[in-house]
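A.B. asks: Okay, here's the prediction I keep looking at, along with the sequence it came from:
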Amino acid sequence: MTAAQTSLWVVVLLVIMAVVFDFMNGFHDAANSIATVVSTGVLKPGQAVVFAAVFNLIAIFVFHFSVAATVGKGIVQPGAVDTHVVFGALVGAIIWNFLTWYSGIPSSSSHALIGGIVGAVMAKSGTGALISSGIWKTVAFIFISPLLGFVLGSMMMVIVAWVFRSATPSKVDRWFRRLQIVSAGAYSLGHGGNDAQKTIGVIWMLLIATGYASASDSSPPTWTIVSCYLAIAAGTMFGGWRIVKTMGQKITKLRPVGGFCAETGGALTLFLATGLGIPVSTTHTITGAIVGVGATQRASAVRWGVAGNIVWAWIFTIPASALAAAIAYWFSVQIF
């Protein structure tokens with residue numbers, strides 16, 4: 001072990017914390033993948049979580065690790081990261097995830113993690129240690145991903161309405177109960193592909209900072225990839241039923257055709273962002289798509305008060321998790 005390397009046990013404990021966060025991510029964000037398919041009655045809750053978890057795992061074979069590279073190397077200067085920073089970042093993200101899950105608020109696990117990293121790094125080194133291009137790209141997609149989900153979801157709804165304009169409601173419902181299985185699988189694939197990589201990126205960042213990996217490596221260690229995908233799939237298996245209710249019923253009442261359009265619009269957004277290496281919020285994306293689907297029916301079909309509360313949670317996620325992370329960093333330095 002080189003002098004630059006940290007005690008293996010410290011690294012192991014932080015990796016375990018990261019995997020716990022990844023499990024919570026799946027648990028917290030299961031609603032993003034299954035809320036519409038459960039709320040429309042296409043799948044029973046137990047079937048839906050198993051279905052989503054399987055597609056979370058399949059994503060390991062589909063997407064390149066560009067999002068992991070952004071989180072691991074593109075948010076913070078490598079020299080600014082140490083074990084206290086990683087500890088603070090994970091604690092900040094976990095606290096915010098727990099609070100929003102308990103309140104039934106579909107906030108972003110992704111941005112809680114980014115906020116945690118930013119808060120811990122600023123507590124240690126100030127803003128100079130942040131990589132502005134990575135930060136601004138992530139912040140921009142707080143607005144772009146739900147907007148793109150809204151546009152694609154509403155466009156899908158308009159196209160479907162035109163194509164099936166002569167079909168009877170019962171025939172449309174029968175067709176889209178089948179097609180929603182496909183769209184739910186696609187969204188779960190995108191969820192696994194983007195979200196699991198964020199935790200992979202944090203572990204990769206930790207390993208580089210402690211000397212157990214090199215910044216010149218083109219991809220993270222295989223064991224980090226497998227453990228993070230398994231953790232997010234396991235979290236999805238347990239579901240997040242408080243948030244499922246908010247996403248599936250409180251924003252707008254969905255039928256199978258609306259669920260298909262929302263999931264398809266959301267999945268296309270996630271595939272695009274993951275391909276570009278941008279860590280986006282699956283929560284923001286599917287919420288935007290659901291609102292877009294509801295708005296094509298009539299403005300009153302969307303419960304704008306509920307949607308507004310969700311947006312406020314989005315706005316507070318990064319600063320709130322950053323504050324919690326900064327405090328956790330301070331305690332870590334003082335105690336350890």
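C.D. replies: Sure, I can see it.
A.B. asks: average model confidence for the strand or helix carrying T274?
C.D. replies: Following DSSP states H and E, one finds T274 within helix 256-275. On average, the pLDDT along helix 256-275 is 92.
A.B. asks: which parts of it are buried?
C.D. replies: 256-274 (16 or more other C-beta atoms under 10 Å). The C-beta positions use only the backbone N, C-alpha and C, and glycine is treated the same way.
A.B. asks: Output that helix as PDB, nothing but the C-alphas.
C.D. replies: Listed next in PDB are the C-alpha coordinates belonging to helix 256-275 (Å, rounded to 0.1, in the frame of the first residue of the first chain):
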ATOM      1  CA  PRO A 256     -53.000   2.900 -19.800                       C
ATOM      2  CA  VAL A 257     -52.600   5.100 -22.900                       C
ATOM      3  CA  GLY A 258     -51.500   8.000 -20.800                       C
ATOM      4  CA  GLY A 259     -49.100   5.800 -18.800                       C
ATOM      5  CA  PHE A 260     -47.600   4.500 -22.100                       C
ATOM      6  CA  CYS A 261     -47.000   8.000 -23.400                       C
ATOM      7  CA  ALA A 262     -45.500   9.300 -20.100                       C
ATOM      8  CA  GLU A 263     -43.200   6.300 -19.800                       C
ATOM      9  CA  THR A 264     -42.100   6.500 -23.400                       C
ATOM     10  CA  GLY A 265     -41.400  10.200 -23.300                       C
ATOM     11  CA  GLY A 266     -39.500   9.800 -20.100                       C
ATOM     12  CA  ALA A 267     -37.500   6.800 -21.300                       C
ATOM     13  CA  LEU A 268     -36.400   8.700 -24.500                       C
ATOM     14  CA  THR A 269     -35.200  11.600 -22.300                       C
ATOM     15  CA  LEU A 270     -33.200   9.200 -20.100                       C
ATOM     16  CA  PHE A 271     -31.600   7.400 -23.000                       C
ATOM     17  CA  LEU A 272     -30.500  10.800 -24.500                       C
ATOM     18  CA  ALA A 273     -29.100  12.100 -21.200                       C
ATOM     19  CA  THR A 274     -27.300   8.800 -20.400                       C
ATOM     20  CA  GLY A 275     -25.800   8.700 -23.900                       C
END
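A.B. asks: Could I get the buried residue list for whichever helix or strand comes after that helix?
C.D. replies: On the C-terminal side of helix 256-275, the closest following helix or strand by DSSP H and E is helix 282-297. Along helix 282-297, these residues count as buried under the neighbour rule (16+ other C-beta under 10 Å): 282-297.
A.B. asks: quick one, what contacts the residue lying closest to A209 once chain neighbours are set aside?
C.D. replies: Nearest residue to A209 in three dimensions, chain neighbours excluded: V81, at 3.9 Å (C-beta to C-beta, 6 or more residues apart in numbering). Counting by C-beta atoms under 8 Å, 6 or more residues apart in numbering, V81 makes contact with V121, M205, L206, I208, A209.
A.B. asks: thinking A233 is in contact with A53, fair?
C.D. replies: Yes. The pair A233 / A53 is scored as a contact, 4.2 Å apart, by C-beta atoms under 8 Å.
A.B. asks: Mutual contacts of the two, please.
C.D. replies: With C-beta under 8 Å, 6+ apart, A233 and A53 have common neighbours G26.
A.B. asks: before we move on, the earlier item: backbone phi and psi for the residue nearest to A209, please?
C.D. replies: V81 adopts backbone torsions of phi -90, psi 130, taken as degrees, to the nearest 10.
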